[in-house]
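**Q** task: produce atomic coordinates for the following.
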Amino acid sequence: RNTDNYMTDAESDEIKKGSEEMEKLIKQIMKFGVVGGSAFVIDYGIMIFLTEVFHINYLISSGISFAVSVIFNYVMSVKWVFEVEENRDKKQEFALFVVLSIIGLGINQLIMWLAVEKFRVFYMISKIGATIVVMVYNFVTRKLFLEKTKHFTPTFKLLARKVRYFAINRYFCELKTRML
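**A** Sure thing, here's the model as predicted:
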């Protein structure tokens with residue numbers, strides 16, 4: 001038992017492992033943000049270009065721009081963001097990515113249509129809101145379905161232990177202060 005921290009060595013090791021996994025997840029989210037931000041610039045730029053220059057309906061231009069950004073996003077996601085199985089069939093992997101992206105496109109189009117047609121929000125502003133929602137959906141589904149490791153440290157258990165650890169330390173620090 002590690003008496004300095006009021007925790008067992010196993011609990012301390014579990015918190016350390018969980019912290020490392022949390023750090024890895026945060027880095028992955030940041031990479032996903034860079035890829036997603038780049039994909040957004042591609043998506044948004046193509047949509048505005050097609051709508052404003054070629055006068056294509058915003059829903060059609062939004063669909064085209066979304067498709068182009070999906071291809072970019074796939075390549076960057078499997079090469080840089082997510083740890084995917086090297087021996088996985090790339091055609092199946094891409095097909096799964098496309099299916100998840102089509103669902104994302106449906107969410108995107110629904111939000112665009114509702115915002116523009118029902119709530120009268122300018123289409124360029126609507127696209128920003130739709131992108132935020134779809135970005136969260138994309139990260140969660142790609143993490144669940146594409147990444148090779150599908151286990152997580154029980155985050156709530158880890159957080160509960162951290163809270164208990166800091167609460168105990170704080171209690172003893174306050175107790176020591178009162179005694180002095």
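**Q** per-residue pLDDT, R164?
**A** pLDDT recorded at R164 is 55.
**Q** ditto for the one 10 residues further on
**A** According to the prediction, E174 has pLDDT 67.
**Q** do the same with the one 5 residues further on
**A** Per-residue confidence (pLDDT) for M179: 67.
**Q** show me what the helix or strand containing V41 is packed against.
**A** Using DSSP states H and E, the element containing V41 is helix 9-52. Packed against helix 9-52 by the contact rule (3 or more CB pairs under 8 Å, 6 or more residues apart in numbering; DSSP states H and E) you find helix 58-76, helix 123-145, helix 155-179. In short, each C-beta sits where N, CA and C put it, glycine included.
**Q** least reliable of those helices going by mean pLDDT?
**A** Across the helices and strands packed on helix 9-52, the lowest-scoring stretch is helix 155-179, with a mean of 58.
**Q** find the nearest non-adjacent residue to the residue most central in space within the chain, please.
**A** Nearest to the geometric centre of the chain sits F139, at 3.3 Å (CA atoms, centre = their mean). Distance criterion CB to CB, 6 or more residues apart in numbering; nearest residue to F139, sequence neighbours excluded, is F32 at 5.4 Å.
**Q** ok, that neighbour touching W80?
**A** No. Using CB atoms under 8 Å, F32 is not in contact with W80, being 9.2 Å away.
**Q** which of those two has more neighbours?
**A** Remark: of F32 and W80, F32 carries more neighbours, 22 against 12, as counted by other CB atoms under 10 Å.
**Q** residues contacting the more buried one?
**A** Residues in contact with F32 (CB atoms under 8 Å, 6 or more residues apart in numbering) are 77, 81, 139.
**Q** what's the pLDDT at it?
**A** 94.
**Q** how far away is it from G106?
**A** Going from F32 to G106 by CB to CB, to the nearest Å gives 21 Å.
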